[in-house]
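A.B. asks: no FASTA, just this:
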């Protein structure tokens, strides 16, 4: 039992010194939330009498229909390209064709889909389109297989960074 | 041309790698989070309603000896309906400095009182915390660390909770019947003590919980009772024939780990509880200080969860203390374990779990009280907050040589039950 106490206090000291993640209420055992019912007739966490739903701290819901960190992370990552449309409720961002300055005969277009309200590794899906100008006509050509995953990783990294910053912003 | 194309693709890839120029961090955070770190307060009301139909075949459902509460010829039917409801009010807020705070008030129907059941407060809890320091909790319910952080109680997560769920309300227990549904670490009366607790942030997958309750009583306590020994603050009990079994100074400590490895989720917990009992004097019966350790783990992959736990120490059912001296029986240990599995696919969840528990039981009887239970259940989500569920439960409790039913001729030292439960649940 003494060793248990020592181990627990060691972890406590680490958490006090480091930048831990706040553990939400839903991450603790509660027989009220246990059971066959998934969600609620009145919305995920019940009837909101006043205020706004604060239980989705990690999702950063607010006015968006999708995870706000992924949304902002996608906009940040693709900000070097012109945007055609950005639907915050459907979670779709579509860029216009973009030609790198050093290669005006080549252009790229990106479509990003944010899937859901949770910040998850599979919560972003990116499609990259590429065309080259051949005799005055733009022709579709393949994109390297790792380009879309690279973009997704970049967006996820930015989203996680924003989430950490939001948690620390209250200091 | 090919070189230019590859170079250009590499150039685009480089632009991707470099990304955009980030805006100032705080402003970004404010835009992204909307509500946080924006200060404010919110109140949410939620609830649960369940309707059950059950078929129950249990030991002790008929009498052939007259007692104070039985007549020769009494017999119970094997089927019934019941309903159950609970309400919860959640208050949560955040101030300008980033302090997170709130409270919870939960009321539910009493298990007894078939005509007009009363509502009682099940949990009254407050919390205050920060993202970097964790949170302090205080109140009755949702505070004691073993209950809040144990991992591996798969049984409680299938349908209504199998043997830790709604079926228990159908058992006739007034005559001494026991079902294998005693889980001291779960959300139960045992964990309703008025306590204070600290819960840390999660660091590298680990977090801890610590709690302290000065007595086993909850809410307003019981010091209005005429008997001094029923007051929360009782420290010493005197007088022959009186039990000094009031549990005091309850300390919980738990360590939990949660992580993901290549799509496989892993969770584990370890910790325990220790407490003292009131002192005995002038012929009062003394009890031993109870303590228990509990450890469990779960693995989740592609909707499939497997887990289990073990617990043991010095306690009776419901973490009650053992007598310090006994006419018979020299052992004073408890041991229990559980294993289960659950699978979620689409709107369906199915699962099964098995558990065993050994405690001393009647300390005047050399044999141990041995319980084993099995549950199989499933649920189907018809929509947000609406679900159908079904469970089959088997329970067996035995203590050789102990007569559990004084309203039946002979010695009944084994109790079994089979239950089929179906129902509908609504959450709002």
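C.D. replies: Sure, I can see it. A quick note: this is a predicted structure, and the numbers were derived from the prediction, not measured.
A.B. asks: every contact and neighbour count from this point should use C-alpha atoms.
C.D. replies: Fine.
A.B. asks: tell me how many other residues crowd residue B:393.
C.D. replies: 22 (other C-alpha atoms under 10 Å in any protein chain shown).
A.B. asks: quick check: which element contains it?
C.D. replies: strand B:386-398 (DSSP states H and E).
A.B. asks: touching chain A at all, that strand?
C.D. replies: Yes - counting by C-alpha under 8 Å from any C-alpha of the partner chain, chain A has neighbours in strand B:386-398: B:386, B:387, B:388, B:389.
A.B. asks: also stretch B:129-147?
C.D. replies: Yes - using C-alpha under 8 Å from any C-alpha, stretch B:129-147 comes into contact with chain A via B:130, B:131, B:132, B:133, B:134, B:142, B:147.
A.B. asks: so what does the last one look like in phi/psi?
C.D. replies: Main-chain torsions, residue B:147, degrees, to the nearest 10: phi -60, psi -40.
A.B. asks: does it touch residue B:192 like I think?
C.D. replies: No - at 9.8 Å, residue B:147 and residue B:192 do not qualify as touching, with contact defined as C-alpha atoms under 8 Å.
A.B. asks: ignoring the adjacent residues along the chain, who's closest to the residue nearest in space to the middle of chain A?
C.D. replies: Taking C-alpha atoms, centre = their mean, the centroid of chain A lies closest to residue A:70, which sits 2.3 Å from it. Leaving aside its sequence neighbours, residue A:70 sits nearest to residue A:159 (C-alpha to C-alpha, 6 or more residues apart in numbering or on different chains; 5.1 Å).
A.B. asks: doesn't that neighbour fall inside a helix?
C.D. replies: Yes - applying DSSP: H, G, I helix; E, B strand; the rest coil, one finds residue A:159 inside a helix.
A.B. asks: show me the contacts for it.
C.D. replies: Each residue near residue A:159 by C-alpha atoms under 8 Å, 6 or more residues apart in numbering or on different chains is listed here: A:69, A:70, A:71, A:72, A:73, A:74, A:119.
A.B. asks: please redo it, this time with the cut-off set to 6 Å
C.D. replies: A:69, A:70, A:73 (C-alpha atoms under 6 Å, 6 or more residues apart in numbering or on different chains).
A.B. asks: kindly reformat the residues of strand B:386-398 next to chain A as TSV containing distance to residue B:287.
C.D. replies: Formatted as TSV, those follow (distance: C-alpha to C-alpha, whole Å):
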residue	distance to residue B:287
B:386	47
B:387	46
B:388	45
B:389	42
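A.B. asks: helix, strand or coil for residue A:26?
C.D. replies: helix.
A.B. asks: circling back: which among the contacts of residue A:159 gets closest to chain B?
C.D. replies: residue A:69 (5.9 Å; C-alpha to the nearest C-alpha).
A.B. asks: how deep is the closest one tucked in, by neighbour count?
C.D. replies: Neighbours around residue A:69, by other C-alpha under 10 Å: 30.
A.B. asks: roughly how far is stretch B:394-413 from the heart of the chain?
C.D. replies: Centroid displacement of stretch B:394-413 relative to its chain, using C-alpha atoms, centre = their mean, to the nearest Å, is 27 Å.
A.B. asks: go on, stretch B:293-308?
C.D. replies: With C-alpha atoms, centre = their mean, you get 16 Å for stretch B:293-308.
A.B. asks: again, but for stretch B:405-415
C.D. replies: Going by C-alpha atoms, centre = their mean, where stretch B:405-415 is centred and where its chain is centred differ by 31 Å.
A.B. asks: could you do stretch A:111-118 as well?
C.D. replies: On C-alpha atoms, centre = their mean, the centre of stretch A:111-118 falls 7 Å from the chain's centre.
A.B. asks: quick one: mean pLDDT over it.
C.D. replies: Average pLDDT, stretch A:111-118: 86.
A.B. asks: check whether it comes into contact with chain B.
C.D. replies: No - contact between stretch A:111-118 and chain B is absent, the nearest approach being 12.3 Å (criterion: C-alpha under 6 Å from any C-alpha of the partner chain).
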